[in-house]
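Q: Sequence first, then the predicted structure:
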Number of protein chains: 2
Amino acid sequence: MARAVRKSRKPVELGAESLGQAAECLRVLAHPARIRMVQMLLSGRYTVGELAEDCGIPDNVASEHLRLMQRCGFFTSERDGRKVYYQVAEPHLADIINCIESRFSK
Amino acid sequence: MARAVRKSRKPVELGAESLGQAAECLRVLAHPARIRMVQMLLSGRYTVGELAEDCGIPDNVASEHLRLMQRCGFFTSERDGRKVYYQVAEPHLADIINCIESRFSK
DNA sequence: TTGACATATCGTCATCTTACGATATATTGA
DNA sequence: TCAATATATCGTAAGATGACGATATGTCAA
């Protein structure tokens, strides 16, 4: 029962390399607490403890999430006394979070 | 060494419910072959075999990826003879893929 | 009907992910 | 110096994920 859309030939888009990176980036983002942390950090600078409390998870777990995201370039951190502040380093995160929000805001 | 950005108070954004859904959606997308399939299907209608070949994976593996994505509402499918065509059902996928592409092209 | 093709499903296994508790490190103030 | 606070790291165990081969289902054509 026939064609509805014409194939304009395979999309060229991303190479295997980039597909892998994109997938990894999405995998890192694909966790409720991590999405929340990105949202928070897009609106300011927060400590591990503040992020952990907001997410309702223990500090050490929050610290591991933050480390993961820092490793892949999402965040940078800087120490201020005994606290460590994290902030967004990857500018494209805002775009992706916007997509997510516009899809999932009720 | 002090504040760079003022906190405008916690972002209200998504509830725990929506965060969970968003995370699940990202997790489903977080695989090179699945990203590729979404890209393909955003530009037309393709069979399991065509998608599998393009991704360089066996048909049964492609079929499992497609099933996963169909389960969470990304795609619908319709049979035409012995072939099955998949197509995009979730309109927001285009937005997210655009974000990904603009980040990872090159 | 039979055989070939296209797709789907199932069981299994290796690997990854996550959370947890315990412990380690760094910084401050007494 | 010591104790308290904030963060980081490590080992581990439970659960999820992904690929594979084998098999099942559905469809067509001879």
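A: Sure thing, it's come through. Numbers count the residues shown, from 1 in each chain, chains lettered A, B, ... in the order given.
Q: For the rest of this, base every contact and every neighbour count on C-alpha atoms.
A: Fine.
Q: Show me which residues of chain A sit near DNA strand D.
A: By the rule CA under 7 Å from any atom of the strand, the part of chain A lying against DNA strand D is A:47-50, A:59-61, A:63-64, A:66-67, A:77, A:82-85.
Q: Can you pick out the ones from those that are in strands?
A: A:47, A:77, A:83, A:84, A:85 (DSSP state E).
Q: what about the first one, neighbour count?
A: Read it as residue A:47. By the criterion of other CA atoms under 10 Å in any protein chain shown, residue A:47 has 19 neighbours.
Q: so it bridges to which residues?
A: residue A:85 (DSSP bridges).
Q: For it, list the residues it contacts.
A: Residue A:47 makes contact with A:83, A:84, A:85, A:86 under the criterion CA atoms under 8 Å, 6 or more residues apart in numbering or on different chains.
Q: nearest to chain B, of these?
A: residue A:85 (9.8 Å; CA to the nearest CA).
Q: And that closest one, how far from residue A:48?
A: 7 Å (CA to CA, to the nearest Å).
Q: Would you map the strands across chain A?
A: Going by DSSP E, chain A shows strands at A:46-47, A:75-80, A:83-88.
Q: So for the first one, mean pLDDT?
A: If I follow you right, that is strand A:46-47. Mean per-residue pLDDT for strand A:46-47: 98.
Q: Pretty sure residue A:75 sits against residue A:86.
A: Yes - between residue A:75 and residue A:86 there is a contact under CA atoms under 8 Å: 6.4 Å.
Q: Any figure for the gap between residue A:20 and DNA strand C?
A: 12 Å (CA to the nearest atom of the strand, to the nearest Å).
Q: make that residue A:101, sorry
A: Residue A:101 is 19 Å from DNA strand C, by CA to the nearest atom of the strand.
Q: Adding distance to residue A:28, write the strands of chain A out as CSV.
A: Converted to CSV, the strands of chain A look like this (distance: least, CA to CA, whole Å):
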stretch, distance to residue A:28
strand A:46-47, 19
strand A:75-80, 12
strand A:83-88, 14
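Q: and of these, who's closest to residue B:90?
A: Closest of these to residue B:90 is strand A:83-88, at 28.9 Å (criterion: CA to CA).
Q: what mean pLDDT does the closest one have?
A: Mean pLDDT, computed over strand A:83-88, is 98.
Q: and the direction of that strand versus that of strand A:75-80, what angle?
A: For strand A:83-88 against strand A:75-80, the angle by axes from the mean of the first three to the mean of the last three CA atoms, to 10 degrees is 150 degrees.
Q: Which of the residues in strand A:83-88 are classified as buried?
A: Across strand A:83-88, burial judged by 16 or more other CA atoms under 10 Å in any protein chain shown covers A:85, A:86, A:87, A:88.
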